[in-house]
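> here's my sequence, what's the structure:
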Amino acid sequence: MDETKKMIVVDSSRMPWEHIFNEKAGLTMLRKYLVQDPDTGMNISLRRFPAGYMTTWHYHHCAHGMYVIEGTLKTHDGCFGPGTMVWFPEGCLMEHGATAETDLTCMFITNKTFDIHFVEKDEARA
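Presented below is the predicted three-dimensional model:
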């Protein structure tokens, strides 16, 4: 047991949203980093995607999950509502975002340092 280690408490209601413009989507999403582990690169954030925001075909060198809080998460493999956790394995080809009708708020979790690599639609379907 390490008594020098302390729990982390984050009050996200007191944090400002960071605006992140996605050139491919042509829209801005919002983000609040909650926890980041400098040793593993793991991070947990809140993300808000406006209606119609899609991150087109891509993959990551990390696994990541999206827990839907409000709205509907639209993916290449279906749509998922509040209370649903969707986990994308490392290297999985995917596209995801908000439906055209509603904004999406989710908790976004990675298992290590986040990166993103976009691919052309034809590459994704090959």
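> all contacts plus neighbour counts: C-alpha atoms, from now on.
Will do.
> ok, Tyr53 touching Thr102?
No - Tyr53 is not in contact with Thr102 according to CA atoms under 8 Å; the separation is 9.8 Å.
> more neighbours: which of these two?
Tyr53 (24 against 16; other CA atoms under 10 Å).
> so the more buried one versus Asn111, what's the distance?
24 Å (CA to CA, to the nearest Å).
> distance from the chain centre to the longest strand along the chain, please.
Counting residues, the longest strand in the chain under DSSP state E turns out to be strand 27-36. Between the centre of strand 27-36 and the centre of its chain there are 8 Å (CA atoms, centre = their mean, to the nearest Å).
> what about it, average pLDDT?
Averaged across strand 27-36, the pLDDT comes to 96.
> next secondary structure element downstream of it?
Per DSSP states H and E, the first helix or strand lying C-terminal to strand 27-36 is strand 43-49.
> now that next one against strand 27-36, angle please.
For strand 43-49 against strand 27-36, the angle by axes from the mean of the first three to the mean of the last three CA atoms, to 10 degrees is 160 degrees.
> which strands or helices does strand 43-49 pack on?
In terms of contacts (3 or more CA pairs under 8 Å, 6 or more residues apart in numbering; DSSP states H and E), strand 43-49 is packed against strand 27-36, strand 104-110.
> most tightly surrounded among the ones you listed?
Scoring the helices and strands packed on strand 43-49 by mean neighbour count under mean count of other CA atoms under 10 Å gives strand 104-110 as the most buried, with a mean of 23.
> name the strands paired with it and say parallel or antiparallel.
Looking at strand 104-110 with DSSP bridges, its partner strands are strand 43-49 (antiparallel), strand 64-70 (antiparallel).
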